[in-house]
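Enquirer: With the sequence up front, the predicted model follows.
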Amino acid sequence: MTTTLSTVICDEVVAACSPWSAILRTGQSLQIVDLHGNQAVDTLFYAVDGDTVDPAGRYNAQATVAAQRNIFLTAGSVLRAADGRPLVTIVADEVGNHDTIAGACSKESNTLRYGHHTVHQHACAENFLTEAARWGMGKRDIVSNINFFMNVPVEADGTLGIVDGVSAPGKSLTVRAETDTLVLVSNCPQINNPCNGFDPTPVRMVITSA
Amino acid sequence: MTTASTDGARSHARSQAGGATMRIPAVPDGVDGSRLVWSESVPADSYATRVLGRGTRLRLADPDGGACAHLLLFRADASWERLNIADTMKVPWQAYLSVGHPLLSDQGRVLATVVADTSGHHDMLCGLPRAGQQKMLLAAIKHGMDIRDVAPSATLFKGARVEDSGALTYTGSAGPGAAVELLIHLPVVVAVVNTAHPLDPQPAVTGLDIVAWRAPDELTTPVNDEPEYLRALFNTEATWAAAQSSEALR
């Protein structure tokens, strides 16, 4: 009998409302732990060559959704670039129904959704721009992202909205890198809707080797 | 006609347009032809781009029932501000396009509003098939942009719907003769690729007609009265007004 031991490469807690990023090398796994429950984790993936982002290899929500013919992500979902190339696969999921369509909150869209009094609140677009800049990327590199642990049903007439989450404290999701991939995260700071239970909390990121 | 000499080659080249046939979309009923700014028919698997001014009405039509218009919009004066499909679904609380739906930028502004629609078969979930992405990239490159600017797009005339499970059902075309009209609220680069919907089991498409005309008076009346839309219009008008040079307003 053989026992395979995986090695923990990174084990970090991302503070509430904060950005985070790391490169997963092919075969490595990232477990995202929703420590306190119902915390939206806005996430983008970019193929990298070494530490350099391939602009044609960024996560594409539409290519991902069209390929699996379903808007929700869960175990087995392959997250793809526009050219169909697999970036990561979800290999374990204790929650289900992760969102692909609602994108990131921004100061600007908050003015539409909640009113102009929210314009100076923190937002995911700010986190993404801050963290993307560390990798040489700018505004044009930010596209529709995944919202892990966020629940966005679409009703028969097309009505959609962010509603109470279906996650719980300690639940997690794990992705495995199919190619060297940069993971860009905004631990969502939104306080005006139920995506974080109206109370943003920390999440834990654990990267392990194959 | 010989093309062995420059003289012959020039005559040959110049003789071609006279005998050619080319589809040009008709001026829509009720539109003053002198206000027309764009009239172009886009064959299957081709693309078209144009810069359109604020207060233009853009009509996309599917005369033969098989067109599939993949659309991107960029601010003409600031191309890093562009159509944001996620906000375009999330902010109006609605995944499906119909009359009154704003096409929002990532900066909380209205680039365009759907002001007429006889199709109802549209989709913002599936995007461009792989074969069409190169065409959208070419459209972007011609306006000084590159692959990073080719963001998720809207698809007109071929639809998809979401089941409770999240599964997607392809709903195809509404049939020949459908048209969609957009009111343009800020100067934009329009990029349209006429190619298959990624879920279409029979991906052959037919021609797409594009017509646009000046309609500045339409900017003065909000297309709907939902609070999110009115705030988006406020952001749009405030941004436009603030950027005008004082001399131009004297």
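Expert: That came through, no problem.

Enquirer: who's in contact with B:N84?
Expert: If you count contacts by Cβ atoms under 8 Å, 6 or more residues apart in numbering or on different chains, B:N84 has them with A:G103, A:S109, A:S144, B:L104, B:S105, B:D106, B:A151. All C-beta atoms are positioned from the backbone trio N, CA, C, and that covers glycine.

Enquirer: and B:L103, bridged to which residues?
Expert: Beta-bridge pairing for B:L103 (DSSP bridges): B:A112.

Enquirer: Pick out the residue nearest the middle of chain B.
Expert: B:L71 (4.6 Å; Cα atoms, centre = their mean).

Enquirer: Quick check, that one in contact with B:A191.
Expert: Yes. Counting by Cβ atoms under 8 Å, B:A191 is a contact partner of B:L71 at 7.3 Å.

Enquirer: Now stretch B:175-183: buried residues?
Expert: B:A178, B:A179, B:V180, B:E181, B:L182, B:L183 (16 or more other Cβ atoms under 10 Å in any protein chain shown).

Enquirer: actually stretch A:163-180, not the one I wrote
Expert: So for stretch A:163-180, counting by 16+ other Cβ under 10 Å, buried means A:G165, A:S167, A:K171, A:S172, A:L173, A:T174, A:V175, A:R176, A:A177, A:E178, A:T179, A:D180.

Enquirer: Looking at those, spot the one nearest B:T220.
Expert: Checking these against B:T220 with Cβ to Cβ, the nearest one is A:G165 at 42.3 Å.

Enquirer: Who are the contact partners of the closest one?
Expert: A:G37, A:N38, A:A40, A:F149, A:M150, A:N151, A:P194, A:C195, A:G197.

Enquirer: okay, now the nearest residue to it once chain neighbours are set aside: neighbour count?
Expert: Among residues not flanking A:G165 along the chain, A:N38 sits closest, at 3.5 Å (Cβ to Cβ, 6 or more residues apart in numbering or on different chains). A:N38 is flanked by 23 other residues according to other Cβ atoms under 10 Å in any protein chain shown.

Enquirer: May I have the phi/psi pair for A:N38?
Expert: phi 50, psi 50 (degrees, to the nearest 10).

Enquirer: Now do the contacts for it.
Expert: Residues near A:N38 by Cβ under 8 Å, 6+ apart: A:F149, A:D164, A:G165, A:S167, A:A168, A:P194, A:C195, A:N196, A:G197.

Enquirer: which residues touch the first one?
Expert: It refers to A:F149. Contacts of A:F149 by Cβ under 8 Å, 6+ apart are A:D34, A:N38, A:Q39, A:A40, A:V41, A:V95, A:H98, A:G165, A:S167, A:K171, A:L173.

Enquirer: Please report the distance of it from chain B.
Expert: 16 Å (Cβ to the nearest Cβ, to the nearest Å).

Enquirer: now that residue, nearest residue through space, not along the chain?
Expert: A:S167 (4.3 Å).

Enquirer: Scan the chain for its longest helix.
Expert: Looking at chain A here, since you left the chain open. helix A:124-133 (DSSP state H).

Enquirer: meant chain B, my bad for not saying
Expert: In chain B, taking DSSP H as the definition, the longest helix is helix B:227-243.

Enquirer: contacts for that helix?
Expert: Helix B:227-243 has contacts (Cβ under 8 Å, 6+ apart) with A:108, A:111-113, A:115-116, B:54, B:91-93, B:100, B:102, B:104, B:107-110, B:185-186, B:222-223.

Enquirer: so how far is that helix from its chain's centroid?
Expert: Mean C-alpha position of helix B:227-243 versus that of the full chain (Cα atoms, centre = their mean, to the nearest Å) differs by 21 Å.
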